Structures are given as C-alpha cells and as structure tokens.
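Visitor: Provide a 3D model corresponding to the input given below.
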Amino acid sequence: MEFDFSKQKLPSIYKRLERECYLDPIREKLIYITPEETVRQQVISYIINTLKVPANMIRVEESLLHYGVKSRGRVDILLHKYNKEKDELNPLCVIECKAPQNMLDTNVLKQMVEYCDALCCDYGMITNGYEMFCYHYNNENEEYEQIENLPQYIGMVRGEYTEVSIEEPIPRLKHEKIPDNLDLYRGFDMGENTEEKILIPLINFWECLLEPKHKLPCKKYRLFTVIKDMHIRLLSYGNASGGSFQGVYRSFLIEYKGSTEIISMGISTYVSHAKPNHIKTAICVAIDNEKETHHALQFVADDNLYVYGNKVTFYHHGRIGVGNIGSGKIDELREFVAESYPEIIDGKRFNLGTLTDNHLWNLDEPDIVKVMENFISYALIRDEYRAYVKNRKSFAPSN
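Guide: Numbering: from 1, shown residues only. Just a heads-up that it's a prediction; the model follows:
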C-alpha cells in the first residue's frame, strides 16, 4: 500500500569529516546520510510519534547474533515487548527499510520473514519510504499474512491487527477496446517506441498473464511438469548483460530433470546499449534456482514478433548472452534445441508459436498453453547451453 513517510520529522543534522550525518535518537550516534538511512529515520519517527513505541523498546541495526541466531544479518529496526513472567525483553516486530528506488519485491519480503522467524516475532513490516506492507503471524496456518498496518504499540503487545480487505480485481479491457487504450501501457510496462501493431497483441498477452481466474494447467509437458501456478509476484531479476529488471511476473513452480525450479514470465521495457533512447518491449522469462535468479530469455517483441492481420507469431533470432563471457553461438544453441525440443526450430529461427488475436487470451486455452510451453522449454534449454559454455570456458587452457 502507498504510505508517504516523507512528512515524518527527521533528527538533527551535523557535519562530520565534511559529510552530513543524522544524530540517531535510538543509537545516539552520528550516522552518515544515505537514501536508505533517511527512510530508516523517518520510520523511527513514525513508530515513536504515531505508533507510540517507547524509545527503550526500539533497537536499530540490531545483530541477530545478540539473540543466539547464527547469522551475520542485522535487522534495520527491531521492536521489543516486556515479558513479565521471564522479566526479559522479547522481539515483537521486524521492520526492514529500503532506499526509495528499491522495489519491495519478494526478496525483501523473504528477508523480513527470515528475520521474523529467527526471532519469533509476531509482526513484520517492509517499506521504501513511499510504500509500506505489514504482516502478522498466523499460528493456524503458520504463515505471515498481510494486514492493513501496524497497530499502535499497546495493540501489538496485545496481539491486535486488522486484516487486509480483499479488493476485486480490475476487469480486463474488452478486446475491441485495446487499440483505444494503448497509452495506459506505453511508457510503463510497454516501450514508448513499440509499434502499435505489435503493442496490441502484447497487451492481450500481458493481460492474459495477469488474469487470476485462469491458470496454466498443472500437468506433465514434454520437458517439464507444472506443479503449481504461483500467480502474480513482484520480482527483481538480472540479465546476462548486467541489467536489472523489476516488476510484476506470473510465476510457476515446475519440475525439470528431477529438480524443482520457479519460472516467471513478465513484460518489461527494454533498451540496448547501441540505442539507449529507443525504448522497446520484451517478454521476459526468468528462472530461480539454488544459485541465482536471472532472465533466461528476453524476447524483444519489436525485433521478433511478427503480426500478419490477426495472426501473431513469436519468432526468436536465437542470440544469447553468456554472462561475462560474451555471446554464445546460435548454431550451438540450435544443436541443444534439436536434441530435446526440435519442433520449435524453423530454419535459422526459433518459432515459439502462433496465436490468433481476435479475442481475449486466457492461460488455459490450448493455443496459449502451447506458446507458454514453448517459451518455458526454450528458456530452460538456453540456460543449459549457458552452463555448457561456462563449463567449457572454465576448462579451457590458459595462454
């Protein structure tokens, strides 16, 4: 939820070694000013003045080691409560603060939950200074569930909270209305320079991914098995060129070659180093595994999507980046594809499927299901090829 902390009173500012510092009211130390520290100080002001948390019940940058947790992690802000029976202070709430430019994605939430679990806290909160999400631990289902906000301190001690009201999802645009509403997407999810004839089916595809009522069927596909449709998540991913992409993705829990992975698909604006002012649109397929989270495929629609009348074909040129090694070889990638999923090879290109853009698409339609299967399969194979190239490079003799 949106919540502007900028109106909260900040502590006094002093200069130390020519750098401005806050005089932190809790740590009673001079702390260099950074965007994240400003958010932290705004939150401290809020919990003291609005939530009425006693200052002696607040810890800042608190080490988990102080609580017997074998971790080097530090909690941005930790609230305590007094345990009268044991005559001791116990952790009550973890608050994680991020700089304003940082998205509050699932990685931030995961960090908060890990700290809450380690400290047995009843409440948690994440914020970047203009958004705030609050949580309360539900003992019945053993999960942290989102609540409206943190109650005042005495309410937290008593275990009070207000559940988040479930809002009805915004209805999708009617198919015939998409061409009249392109400006709702240009400059946000879609690139400003993407042609209208490409943008229209992209919006249909994007809305298809966002639609909660329809799910990708959980079943065995040619290369993988969909275990669960995980719906919409806020995520942040890198790519082979070192870029960062943050936004909304539709995620799927899959099993592939005996390993459980999370595959996520989203749509993002895209720019190249050669033309940084020409903003395109990409369909992104990301993979979470035990090592890293990254884009396995960035399908730049401006360069690869072919529209003939109402027929939309998802071709891909096959170009592939391999981390700091550089570009992989398309011919080698084609050999990998030919071995396990040859049906998408179309001459020198890869054909990920064709759709008819004459209605609103849904994830459980056979044609959409096939395109999704092709995208996911192609992304998995691309990652296997990247691993092959990196492994070959590591064993190459040095000069």
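Visitor: Helix or strand: which one has Ile283?
Guide: strand 280-288 (DSSP states H and E).
Visitor: Ile200 and Arg16, how far apart?
Guide: Counting by C-beta to C-beta, to the nearest Å, the separation of Ile200 from Arg16 is 57 Å. All C-beta spots, glycine's among them, are computed from the backbone N, C-alpha and C.
Visitor: okay, these two: which has more neighbours?
Guide: Ile200 (19 against 10; other C-beta atoms under 10 Å).
Visitor: does the more buried one count as helix, strand or coil?
Guide: Three-state assignment for Ile200 (DSSP: H, G, I helix; E, B strand; the rest coil): helix.
Visitor: wait, it sits on Val312?
Guide: No: applying C-beta atoms under 8 Å as the test, Ile200 and Val312 come out as separate, 9.1 Å apart.
Visitor: Common neighbours of these two, please.
Guide: Asp357 (C-beta atoms under 8 Å, 6 or more residues apart in numbering).
Visitor: what's the closest non-adjacent residue to His359?
Guide: His175 (5.6 Å; C-beta to C-beta, 6 or more residues apart in numbering).
Visitor: Contact partners for the one you found?
Guide: Neighbour list for His175: 204, 358-360 [criterion: C-beta under 8 Å, 6+ apart].
Visitor: Check Leu380 too.
Guide: Applying C-beta under 8 Å, 6+ apart to Leu380 gives the contacts 223-224, 256, 263, 287, 296.
Visitor: which ones are touching the closest residue to Leu119 other than its chain neighbours?
Guide: Of all residues not flanking Leu119 in the chain, Pro91 sits nearest, at 4.0 Å (C-beta to C-beta, 6+ apart). The contact partners of Pro91, taken as C-beta under 8 Å, 6+ apart, are 67, 78-80, 119-121.
Visitor: So Pro91 belongs to a strand, correct?
Guide: Yes: the assignment for Pro91, made by three-state DSSP, places it in a strand.
Visitor: Walking through the stretch 51-200 of the chain, point out its strands one by one.
Guide: Taking DSSP state E, counting those that start in this stretch, the strands of the stretch 51-200 of the chain run over residues 58-63, 74-83, 88-97, 123-127, 132-138, 143-147.
Visitor: correct me, but Tyr315 touches Asn351?
Guide: Yes: Tyr315 is within contact range of Asn351, at 5.8 Å (criterion: C-beta under 8 Å).
Visitor: When the two are compared, which one has more neighbours?
Guide: Comparing Tyr315 with Asn351 by other C-beta under 10 Å, the one with more neighbours is Tyr315, at 19 against 16.
Visitor: Torsion angles phi and psi at that one?
Guide: The phi and psi values for Tyr315, taken as degrees, to the nearest 10, are phi -90, psi 160.
Visitor: distance of it from Tyr135?
Guide: With distances taken as C-beta to C-beta, Tyr315 is found 44 Å from Tyr135.
Visitor: swap in Pro179?
Guide: From Pro179 to Tyr135 the distance is 41 Å (C-beta to C-beta).
Visitor: ok, the two, which is more surrounded?
Guide: Using other C-beta under 10 Å as the criterion, Pro179 and Tyr135 rank with Tyr135 on top: 25 against 13.
Visitor: close enough to count as contact, that one and Asp117?
Guide: No: counting by C-beta under 8 Å, Tyr135 does not reach Asp117; the two are 11.7 Å apart.
Visitor: Now do the buried residues in the helix ranked longest in the chain.
Guide: Across the chain, the longest stretch assigned as helix under DSSP state H is helix 366-394. Using 16 or more other C-beta atoms under 10 Å as the test for burial, helix 366-394 gives 368-369, 371-386, 389.
Visitor: One more: stretch 349-359?
Guide: Neighbour-count burial for stretch 349-359, counted by 16+ other C-beta under 10 Å, picks out 349-353, 355, 357.
Visitor: center of this structure - which residue?
Guide: Leu235 (0.4 Å; C-alpha atoms, centre = their mean).
Visitor: So the closest residue to Ile376 other than its chain neighbours versus Lys390, what's the distance?
Guide: Leaving out its chain neighbours, the residue that sits closest to Ile376 by C-beta to C-beta, 6+ apart is Ile263, at 5.4 Å. Distance of Ile263 to Lys390, computed by C-beta to C-beta: 20 Å.
Visitor: what does Ile368 give?
Guide: Ile368 is 33 Å from Lys390, by C-beta to C-beta.
Visitor: Cys21 and Lys9, how far apart?
Guide: 17 Å.
Visitor: of those two, who's got more company?
Guide: For Cys21 versus Lys9, neighbours defined as other C-beta under 10 Å are more numerous around Cys21 (18 against 11).
Visitor: Just checking: what are the partner strands of the helix or strand harbouring the more buried one?
Guide: Cys21 is part of strand 19-23 when elements are defined by DSSP H and E. Strand 19-23 sits in its sheet next to strand 13-16 (antiparallel), strand 30-32 (antiparallel), going by DSSP bridges.
Visitor: Quick one: name whatever helix or strand follows the shortest one.
Guide: Later in the chain than strand 30-32, the nearest helix or strand by DSSP H and E is helix 35-49.
Visitor: What are the contacting residues of that following helix?
Guide: For helix 35-49, the surrounding residues in contact (C-beta under 8 Å, 6+ apart) are 5-6, 8-11, 22, 24-26, 31, 53, 55, 58, 60, 76-77, 79, 95, 97-101, 127-129, 150, 153.
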